[in-house]
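S.K.: Predicted model follows, preceded by the sequence.
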Amino acid sequence: HEAMQAAAGMLGRHLQVARCGYAEFEEDGEYLHLNPGWDDGTLPEARGRHRLGEPGSALLEHLRTGQVLRIEDVLEDPRVERRAAQQD
């Protein structure tokens, strides 16, 4: 856990982003546990359990590909459904 936080911090500062972290999916694929790892202190807390969109949603399909997910604005990104942007 500490190594992942350190790596997220180095990567986040290198990329000059506000947050950098990782998430783990629950077996059912409906929820993920977000551990931001590092943030610059300008964003609201995001750590915790979050519900993903319905099967077939753009966000869920993107995450299932295993590609890096970069979201500039969680409220404006078309891949993020309004419910997925809210923490359960």
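M.R.: Sure, I can see it.
S.K.: which residues touch the longest helix seen in the chain?
M.R.: Longest helix of the chain, by residue count under DSSP state H: helix 2-15. Outside helix 2-15, the residues within contact range by C-beta atoms under 8 Å, 6 or more residues apart in numbering are A18, R19, C20, G21, Y22, N35, P36, G37, W38, D39, D40. Using the backbone N, CA and C atoms, a C-beta is placed for each residue, glycine as well.
S.K.: tell me the mean pLDDT for that helix?
M.R.: Averaged over helix 2-15, pLDDT sits at 92.
S.K.: Buried residues, that helix. List them.
M.R.: For helix 2-15, a neighbour-count test (16 or more other C-beta atoms under 10 Å) marks Q5, A8, G9, G12 as buried.
S.K.: any chance of the contacts of helix 2-15 in JSON lines, plus neighbour count and pLDDT?
M.R.: Converted to JSON lines, these look like this (neighbours: other C-beta atoms under 10 Å; pLDDT from 0 to 100):
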{"residue": "A18", "neighbour count": "14", "pLDDT": "89"}
{"residue": "R19", "neighbour count": "17", "pLDDT": "88"}
{"residue": "C20", "neighbour count": "21", "pLDDT": "89"}
{"residue": "G21", "neighbour count": "19", "pLDDT": "84"}
{"residue": "Y22", "neighbour count": "14", "pLDDT": "82"}
{"residue": "N35", "neighbour count": "17", "pLDDT": "81"}
{"residue": "P36", "neighbour count": "19", "pLDDT": "73"}
{"residue": "G37", "neighbour count": "20", "pLDDT": "85"}
{"residue": "W38", "neighbour count": "20", "pLDDT": "90"}
{"residue": "D39", "neighbour count": "19", "pLDDT": "90"}
{"residue": "D40", "neighbour count": "13", "pLDDT": "91"}
